[in-house]
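Q: this is a predicted model, with the sequence first.
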Amino acid sequence: MPRKSLTGADIDTRTSSAGEVIRGERVSKKTKVLIAFAIAITVRCDGCLAHHALAVHNAGTSREEVAEMIGAALLMGGGPSSVYGVEAMRANDGFAADPSPAAMG
């Protein structure tokens, strides 16, 4: 069976905000926050790392799941992402130890 080309009509237009996207029904919240965290690594965004580390922590993601996601991000982001992978794990560990946003100082 031939594959159908993706068009704008195929995109779910019910989601207009980040919160709505995260609450979507088809992909788990944990998966979505891990994807966002991986993107933060590949684009090397310090503020994004802190924000998404807290979201990953609040979603109940294990350290092992974060480590596996960091490995995938490194494949996509290359060498520079390895530095941010370490920073992402530090942020994750920081929220695991103290989940208050002030702890990231």
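A: Sure, I can see it.

Q: report the distance from whichever strand or helix holds residue 39 to the chain centre.
A: Here residue 39 sits within helix 29-42, counting by DSSP states H and E. Remark: helix 29-42 is offset 1 Å from the chain centroid, using CA atoms, centre = their mean, to the nearest Å.

Q: what is the mean pLDDT for stretch 89-99?
A: The pLDDT scores in stretch 89-99 average 84.

Q: pull the CA atoms of it into PDB?
A: Extracted in PDB, the C-alpha atoms of stretch 89-99 (Å, rounded to 0.1, in the frame of the first residue of the first chain):
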ATOM      1  CA  MET A  89      22.100  14.900  34.000                       C
ATOM      2  CA  ARG A  90      23.300  17.400  36.600                       C
ATOM      3  CA  ALA A  91      20.000  19.300  36.300                       C
ATOM      4  CA  ASN A  92      18.000  16.000  36.500                       C
ATOM      5  CA  ASP A  93      20.000  14.900  39.600                       C
ATOM      6  CA  GLY A  94      19.500  18.400  41.200                       C
ATOM      7  CA  PHE A  95      15.700  18.100  41.000                       C
ATOM      8  CA  ALA A  96      15.800  14.600  42.200                       C
ATOM      9  CA  ALA A  97      17.700  15.800  45.300                       C
ATOM     10  CA  ASP A  98      15.600  19.000  45.800                       C
ATOM     11  CA  PRO A  99      12.600  19.500  43.400                       C
END
